[in-house]
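Participant: make a model of this:
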Amino acid sequence: MTTFESIEEAREFFNGDKFAAKLGIQLDELGEDYCICSVEIKDDFRNGFGAVMGGAIFTLGDFAFAVMSNQLHKLTVGLQVSINYLSGAKGEKLIAKATVRKDGRTTSVINVDITDDTGREVAQFVGTGYKM
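Facilitator: Okay, the predicted model is just below:
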């Protein structure tokens, strides 16, 4: 059973996430056990070396984790998260696909694979959610 009856309902709920909205993060797809979110890479996302900052990548992963964990049970909050940066983004867009690894009674574990629009693997984010 899912929390949101439609992707539009989920988008409305997450409109309150002002930081993600300011960055331009979008909820593109939402299923029972997966979601896809994306963001266009902006110049503001770049560090002194010209690479996409880890914080921008992390925020996309965290948003996809939030959407997926709250699709399982609303309200769910982050209990623990981690990220492994795999390679620098080369494209113009970052894409995060969140999938359910565990949906337990009080916790959930969500894997988020982050790629760029060239197909390059950029990061792997793992989040544990606590169901309120």
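
Participant: disregarding residues adjacent in the polypeptide, which is nearest to Ser69?
Facilitator: Computed as CB to CB, 6 or more residues apart in numbering, the closest residue to Ser69 that is not its neighbour in sequence is Gly129, at 3.7 Å. (Each C-beta comes from the backbone N, C-alpha and C, glycine too.)

Participant: is that neighbour in contact with Thr107, as I believe?
Facilitator: Yes - using CB atoms under 8 Å, Gly129 is in contact with Thr107, at 6.4 Å.

Participant: neighbour count winner among those two?
Facilitator: Using other CB atoms under 10 Å as the criterion, Gly129 and Thr107 rank with Gly129 on top: 27 against 16.

Participant: pull the contacting residues for that one.
Facilitator: Gly129 is in contact with Phe65, Ser69, Leu72, His73, Thr76, Val77, Gly78, Leu79, Thr107, Ser108, Val109, Ile110, counting by CB atoms under 8 Å, 6 or more residues apart in numbering.

Participant: I'd like to know which of those is nearest to Ser38.
Facilitator: Closest to Ser38 out of the contacts of Gly129 is Phe65 (14.5 Å), distances taken as CB to CB.

Participant: quick one: that closest one is in a helix?
Facilitator: Yes - per DSSP: H, G, I helix; E, B strand; the rest coil, Phe65 lies within a helix segment.
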